[in-house]
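Trainee: Here's my sequence, what's the structure:
(chains A, B and C, ligands or ions: 3)
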Amino acid sequence: MTKVSITVDGVLHESEVEPRTLLVHYLREQVGKVGTVVGCDTSSCGACTILLDGRSAKSCSVLAVQADGSSVTTIEGLAGDEWHPVQAAFKECHGLQCGYCTPGMVLSAVDLLSENPNPSEAEIREGLEGNLCRCTGYHNIVKSVALAAQTMKGGKK
Amino acid sequence: MIPSKFDYVRPKSVDEAVAALKAGGEDSKVIAGGQSMLPLLRLRLAAPSVLVDCARIDEMKGIKDNGDSVTIGAASTHWDVMNSDIVKTHVKLLADATATVADPQIRHRGTFGGALAHGDPAGDLPAVVLALDATLEIAGSKGRRQVAAKDFFLDYFTTAVGPDEILVSITIPKLGKGWGTCYEKFNRSANGWAVVGVAAAVKVDGGKITEARIALTNCAAIPVRASSVESALKGVAVSASEIEKASQSAADGTRATSDLAADKEYREHLMRVITARAVSCAAGV
Amino acid sequence: MTELAEHVAAIGRPLKRKEDARLLTGKTQWTDNIQLAGALHMAILRSPMGHAKITKLDVSGALKYPGVEAAYGAAELGDLNASVPCVWPVTDDMVAPDFPALAKGEVRHMGDCVALVLAGTAAQAADALEGIVVEYSALPAVINMDDAIKEGSPLVHSDKGTNKCYTYKLQPQGDGAYEAAKAKADVVVKRRFVNQRLIPSAMEPRAVVASPMGTSGELTIWSATQVPHVLRVLLALVTGVSENKLRVVAPDVGGGFGGKLQCYREEILCVALANKLGRPIKWTETRSEDMMATHHGRDQLQDIEIAATKDGKLLGLKVDLIANMGAYLQIITPGIPLLGMFMYPAIYKMDAYDFSCIGVFTNTTPTDAYRGAGRPESTYAIERIMDELANELGMEPMELRKKNWIKHEEFPYTTVAGLTYDSGNYEAATDKAMALFKYDELRKEQVKRRASGDKVQLGIGISTFTEMCGLAPSRTLGALKYVAGGWEHCTIRVLPTGKVELVTGTSPHGQGHETAWSQIASDTLGIPVDDIEVIHGDTRTSPYGMDTYGSRSLAVGGQAILRAGEKVVEKARLIAAHQLECSANDLEFDHGVFRVKGDPSKEKAIQAVAFEAFSAHDLPDGLEPTLQAESTVDPQDFSYPHGTHLCAMEVDTETGKSTIRSYVCVDDIGIQINPLIVEGQVHGGLAQGIAQALYEGAVYDSDGQLLTASFADYLVPSAPDLPSFVTDHTVTPSTTNPLGTKGVGEAGAIASTPAVINAIVDALRPYGVNDVPMPALPMTVWRTLNAARQGGK
Ligand SMILES: Cc1cc2nc3c(=O)[nH]c(=O)nc-3n(C[C@H](O)[C@H](O)[C@H](O)COP(=O)(O)OP(=O)(O)OC[C@H]3O[C@@H](n4cnc5c(N)ncnc54)[C@H](O)[C@@H]3O)c2cc1C
Ligand code: FES
Ligand code: FES
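Mentor: Ligands and ions are numbered 1, 2, ... in the order given. The predicted structure follows:
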């Protein structure tokens, strides 16, 4: 067992983990952040996406020990008193159906907008290429991200 | 799936890391970004006894402008590389190719050194360092050595980095005036690996190509230079049809494999087409 | 009492979904979230071989691993090794091999279950699989269907003496009718289309938790399933656990697309072992397992022949299918091709139809329902051959369709296959689609690009589709030998505080039933949408239902909601009349309020009635307290949504890469309850149909190795691989149900595949190309183009 200290959604957690523990399993099983999910075993689907020190990462492809000393934001910690504009836009534009890809998709979108606040449709699509969705055909996801970009520009953060 | 058990160490320096690798014996392995390692661990295709985490070693991070060359720490992430002003200005080919690697999440974690040391024939960056005649610095228990890119890639997933060695940095000479570059990647789906990728750098003078450096991704066990195209291009006018003609020999010297994405014949065809496109784009056609 | 919000008409409004709040904040309950004290985790050892004898299996080594409680092969499992059920024996003489949960002595596809381990943690269980000793002796595998039905082929089930599962025929006009029609034809076009094998790939892998810790001794099964109700019946039947001791819960389910319409081996194993050991058992599938152990879809060889006069009038259609069952039969494996059987004639009028299907076993993962189940196959074949016929006749493909389709004034129309289509307006949908698409402009551009020999050619693909949905009148299902019925149930309870519980037997996993069902009930009851709670997916709280698949939930379940709501209003009317001292007939009911006709000051809201029904102080004599009603509706008939889909495709003739330039569809699904949800369903269906055309295909080698066993090789498209879609609709209400609705869940997936392939073929027609195999990945297109160019020389 190895000791790690990881800040998850603003709360510091000091835990013992096996080195082989994936960050996503640590989050789900040790911290109870079950909003973050697993969809594959080849780093392909992005369902497990979180923000690691502010940048999107696939939490199935990071060992918990590698995240020692880092800060993680999951879908459960994204909203403050109000929803994040990306969350609001996903609801507004029907950017989700079953919702399984949604936590990862939302966090990828948050990352995308932080790097490029004014993306074109093509840039939105490219920016989400690490996240698979089987339900929506991406059409409304793309619309959601475009809407979020607009609301965020309007000063609502 | 869940990986098999292993131990984990996170040394602070290259020397410590080398020592840890040696101490760990045969089955110890470097982990950097982990983006290639984690899928292998999860599928239990790799079962190392010790992982030596090199991602936070200061000496392996950072990007330096040396005047006539650029040195990039092996543990720099793809994201660091493609967003570095130094790289964008002086080694644009690398910035462009890196932007095509995988997806944003993987680029945030995966490292330049990891992508080279992994030696994946479908990886995009080996062809870039080969085309640009980079030099790679490797540290081991017997000290440091410099290896030219053309001597670095040995076979499928096999490089000059020995079992208890670490790739520390990569130095890439700047191209200078008159050069244009392009990385052209052909894949079946947007987040797919290259079926064929072509890294091209060409020097244009007075409407003619005076020098060309072209390296191919996924056309053999290791990245290869398309030397016959390079010579055929010398003195050729910058026109799509001339470039296309010169690119016909792109498959010479390659050892194309067959897989689901492309059999040998199609892959060789792609080499010609994609080489022509990469060169045209580099030459500004 | 709480303040009452006012009712505003809800049906037809694009209301934002109620589901989203929890899904967007991570407050979701996926099956894998469930962690029970004392649970054992199951890991399964699967066959790496396509076909082999198990010559040795020793699980005892696994018991030495830390945390391991038990390990089982078929021998250790003994009587608990129940078999996977098939509920659709399509013919009396269908060959139905045993499909035990753990293989008995022989494995028949890669991924077949060989042994299992139960341990304290998932990691321990995975580790202990390495302790199992298993030896195989390879048997010849048969993968290719044409080979499988040849004399002397290796057999998937040697005891059966054949690889043929069944032969099914449908000749509505009698034997020889097609031949007679063909004899009159000027043109006959024949093709073989390969509808390739697909992997459903819901983003949430399957998961099961079975716990014997129920408060009344029941066994609770949480499963990522589309069919909790069907699953309960089947689990009771196969495991022998009494049905009334089984509670099946489908919590939040992350997509299904047919892949979770099943009674899987892992579900059977978890139930049997939890029951035996008295401890919760949990299993979560890895994606690698999903690719080979969750059932696959499609995989049919389609020999199709169409006969027409020289001016393009259709005379007859003949379809001969070979359908891949895979290694075993699962829930409705054999019936899938028959769901398409009636739809080959599609929207066209003709004189004769002849259909046959041979079901075949191969050493591959069993097939079963995948989005559209049967109808995408039929639509693909007919819409592809219509283009080929048009080409043969030198007709514009849309003109050929127009000439033969059922005109809007001809509905209801009984087709050559024997179905009666309720309603439709193909003309209107097509006109709208052509205008949105700018059809004529694109044709002009195509001419130009052809003339200039552009390396990137432009193609236009058409698909004018219809499908049957709302599976189905129970009698019809009975006639087809399907074991279950097609009804659906709803209970509506108006609680004392005026809030509503709507209990439905449908089981959503992304379709937004919580919102759309509320909208239907809201308008029926005159109670605001937000005051309605939809209860589903738990056999304890919603005991009756037939679940969600086949675009049936609204078409059938919607009727039950409407009917239950009407019954509630009828009862409330009696109470209101009693209290307002008038006769029930003197009351009008509007937006949730009963008013005395002619004296509108005398009124009573339905919520107030609910409270009266609860306190029961002053009810009419003989009327029972509480305001609730239930309804179970068997649909009168299918409904037939339709639409016109148009695809413009750019094909790079150098590399073979196809890129969609624009995609327009105009669907007619009758009355829309929630247009926002409808659009989403269409988009998702389009993506899956386009994916079949361009990207996805499960590939086996000749030994039965699945070569596309991960998302790295099985190409589920990501956002940059797809365009934005232009969607619109026309509205021709269904006449087979009172809401006028039709299904939409599968429309996009059914219609889009032929539109895309037709577009590619159209782009390459000048080079002599007249078919492109799916998926039309670059190498395939390039090879097809090369072959055509050489053939032309
Ligand atoms: C879904 C997916 C898609 C991808 N697509 C692409 C793509 O399109 N193009 C592409 O080029 N790549 C792609 N990659 C690979 C990606 O670029 C990886 O980040 C990279 O190959 C490995 O970098 P890493 O730092 O993550 O290495 P790790 O995973 O940490 O290590 C990889 C290997 O290199 C060794 N290693 C790492 N660093 C060093 C070092 N400094 N010294 C010695 N040995 C070292 C490790 O021991 C290991 O054997 C993809 C990966 C995934 C998961
Ligand atoms: S779970 Fe699929 S990328 Fe992490
Ligand atoms: S909403 Fe279901 S996978 Fe994206």
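Trainee: alpha carbons only for contacts and neighbour counts from here, please
Mentor: OK.
Trainee: hmm, who's touching stretch C:172-190?
Mentor: With CA atoms under 8 Å, 6 or more residues apart in numbering or on different chains as the contact definition, stretch C:172-190 has outside contacts at C:171, C:303-310, C:315-318, C:351-354, C:385, C:388-389, C:392-393, C:416-418.
Trainee: Okay, strands next: where are they in the stretch 651-793 of chain C?
Mentor: C:658-668, C:726-729 (DSSP state E, counting those that start in this stretch).
Trainee: quick revisit: narrow the contacts of stretch C:172-190 to those in strands?
Mentor: When DSSP state E is applied, the contacts of stretch C:172-190 are split such that C:303-308, C:315-318, C:352-354 fall in strands.
Trainee: before we move on, the earlier item: is it possible to mark the buried ones in the contacts of stretch C:172-190?
Mentor: C:171, C:303-308, C:315-318, C:351-354, C:385, C:388-389, C:393, C:416-417 (16 or more other CA atoms under 10 Å in any protein chain shown).
Trainee: Ligand 2 next: which of those are close?
Mentor: With the criterion set as CA under 6 Å from any ligand atom, no member of those is near ligand 2.
Trainee: Any stretches of chain A with poor pLDDT?
Mentor: Counting by pLDDT under 70, chain A has low-confidence residues at A:155-157.
Trainee: 80 instead?
Mentor: Applying pLDDT under 80 to chain A picks out residues A:154-157.
Trainee: So which helix or strand of chain C has the lowest pLDDT on average?
Mentor: Across the helices and strands of chain C, mean pLDDT, DSSP states H and E gives its lowest value to helix C:474-479, namely a mean of 85.
Trainee: can you map out the helices along chain A?
Mentor: Using DSSP state H, the helices assigned to chain A run over residues A:23-25, A:85-92, A:102-115, A:121-127, A:139-153.
Trainee: sorry, back to before: and which of the ones in strands among the contacts of stretch C:172-190 is nearest ligand 2?
Mentor: Nearest to ligand 2 out of the ones in strands among the contacts of stretch C:172-190 is C:D303 (CA to the nearest ligand atom; 38.8 Å).
Trainee: so what's that closest one closest to, chain neighbours aside?
Mentor: Closest residue in space to C:D303, ignoring its immediate chain neighbours: C:R192 at 4.4 Å, by CA to CA, 6 or more residues apart in numbering or on different chains.
Trainee: shouldn't the one you found be in contact with C:I306?
Mentor: No - look at C:R192 against C:I306 with CA atoms under 8 Å: they stay out of range, at 11.8 Å.
Trainee: Reformat the helices of chain A as CSV; add distance to C:C263 and mean neighbour count.
Mentor: Below are the helices of chain A laid out as CSV (distance: least, CA to CA, whole Å; neighbours: other CA atoms under 10 Å in any protein chain shown):
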stretch, distance to C:C263, mean neighbour count
helix A:23-25, 28, 24
helix A:85-92, 33, 23
helix A:102-115, 27, 25
helix A:121-127, 37, 19
helix A:139-153, 33, 22
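Trainee: nearest to C:S378, of those?
Mentor: helix A:139-153 (26.7 Å; CA to CA).
Trainee: Quick check, central residue of chain A?
Mentor: Per CA atoms, centre = their mean, the C-alpha nearest to the average position across chain A is that of A:L107, at 2.9 Å.
Trainee: for the closest residue to that residue other than its chain neighbours, which residues make a bridge with it?
Mentor: Distances taken as CA to CA, 6+ apart place A:I50 nearest to A:L107, at 6.1 Å, with adjacent residues excluded. Under DSSP bridges, the beta-bridge partners of A:I50 are A:A57.
Trainee: now swap in C:A43 and tell me
Mentor: Note on C:A43: beta-bridge partners by DSSP bridges are C:V117.
Trainee: pretty sure C:E218 is touching C:V248, no?
Mentor: No - taking contacts as CA under 8 Å, C:E218 lies outside contact range of C:V248: 10.2 Å.
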